[in-house]
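dropping a prediction and its sequence here:
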Amino acid sequence: MTLIDGKETAQQIRLELAEEVEKIKKNGGKIPHLAAILVGEDPASDTYVRMKVKDCEQIGYKSTLIRYDADISEAELLAKVEEINQDEDIDGLIVQLPLPDHISSEKITFAIRPEKDVDGFHPINIGRMAKGLPAYVAATPHGVLELIKRYEIPTSGKHCVVIGRSDIVGTPVSILMSRKAYPGNATVTMCHSRTPNIPEITRQADIIIAALGRPEFVTADMVKEGAVVIDVGTSRVEDPSKKSGFGLKGDVKFDEVAEKCSYITPVPGGVGPMTRASLLYNTMLAAKNSVY
Ligand code: L34
């Protein structure tokens, strides 16, 4: 069994991007600049966004963090997005999700200029990705594919079972794994909450991508001997033994599943850090105008 080290791979990507920044500096090019908007006090969002800003600092990007109280109006938030859309120095903009209930995340996402949508959530980027055109690929699906690529895991002709159909992970990762490219060329089955016989289907999988957000959903009896298991879940669960009072749990019951796998990602230290590295990668593309 090979443990896929997302933390180490993400660090490697950051080193590559830092080198690229050095080159840009030497040639007097545009230093990548990421803006992140965080609304409210959600502890997980707070952690993720702070890590994203720190990542930028580590590799020499500029970053701007804009924080609002949870009671900011939708109109006010839209006005800020519009302002950043017009700001020539800012290459990429993300608005961390989830947003408070009174704000439509759809409206906000649609308001971001596709050229600055380094989260790849805008329908133009999703449509371009689905058509195989240059696009910002959402950070989590991009991170999953990058791990498969860097560990040289074969995907052509393999049966890939994706559990979960969210528009930011399950759906795009299914499209990407089936396209005519590497990683891809897989036969993809997508399972979700209305699939009656999930274990029967996952037992046929060469590659399982678990992205449903239910801690320890995938158990050993659901996994074929030698399968590749990618765990996208990062649920916060109470854990009194930890100083913070909580721990992170993936969608896979790691200890029992790992024994059967050829490759597996841990949580934490798997897909999560790769989500952040992919955001940095997309921001580099934005600074270089490589997509549009
Ligand atoms: N707009 N909203 C927007 N873009 C995104 O790409 C995200 N996402 C998801 C939630 N909302 C978003 C993230 O950034 C999930 N996500 C994310 C980011 C980072 C990590 C996990 C999920 C991560 O770094 N996880 C670490 C542990 C972090 C910790 O200590 O809590 C890990 O090892 O899994």
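Happy to help now that I have it.

how about the residues of the stretch 101-250 of the chain by the ligand?
119, 139, 234, 248 (C-beta under 6 Å from any ligand atom). The C-beta positions use only the backbone N, C-alpha and C, and glycine is treated the same way.

need those residues in TSV (columns: neighbour count, distance to Glu76 and secondary structure).
Converted to TSV, those look like this (neighbours: other C-beta atoms under 10 Å; distance: C-beta to C-beta, whole Å; DSSP: H, G, I helix; E, B strand; the rest coil):
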residue	neighbour count	distance to Glu76	secondary structure
Asp119	25	20	coil
Ala139	26	26	helix
Thr234	20	30	coil
Leu248	18	33	strand
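
of those, closest to Tyr281?
Ala139 (8.4 Å; C-beta to C-beta).

in this protein, which residue sits nearest the ligand?
Going by C-beta to the nearest ligand atom, the ligand is nearest to Gly272 of the chain, at 2.2 Å.

show the average pLDDT along the strand or helix carrying that residue.
Assigned by DSSP states H and E, Gly272 belongs to helix 271-287. Averaging pLDDT along helix 271-287 yields 98.

can you name the two of the residues of the stretch 101-250 of the chain next to the ligand that sit furthest apart?
Among these, the pair separated by the greatest distance (C-beta to C-beta) is Asp119 and Leu248, at 21.3 Å.

identify each buried residue in stretch 41-56, please.
42, 45, 48-49, 52-53, 55-56 (16 or more other C-beta atoms under 10 Å).

reformat those as a markdown table; add pLDDT.
Shown next, in a markdown table, are the buried residues of stretch 41-56 (pLDDT from 0 to 100):
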| residue | pLDDT |
| --- | --- |
| Asp42 | 94 |
| Ser45 | 97 |
| Tyr48 | 97 |
| Val49 | 98 |
| Lys52 | 98 |
| Val53 | 98 |
| Asp55 | 98 |
| Cys56 | 98 |
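
where does the stretch 51-200 of the chain have low pLDDT?
Scanning the stretch 51-200 of the chain for pLDDT under 70 picks out nothing.

the longest helix in the protein is where?
helix 6-26 (DSSP state H).

from the contact counts, what lies against that helix?
Secondary-structure packing of helix 6-26 (3 or more C-beta pairs under 8 Å, 6 or more residues apart in numbering; DSSP states H and E): helix 43-59, helix 139-150, helix 271-287.

go again with 6 Å.
For helix 6-26, the helices and strands in contact under the criterion 3 or more C-beta pairs under 6 Å, 6 or more residues apart in numbering; DSSP states H and E are helix 43-59, helix 271-287.

can you give me the strands in the stretch 51-200 of the chain?
Remark: strands assigned in the stretch 51-200 of the chain by DSSP state E, counting those that start in this stretch are 62-68, 92-95, 159-163, 187-191.
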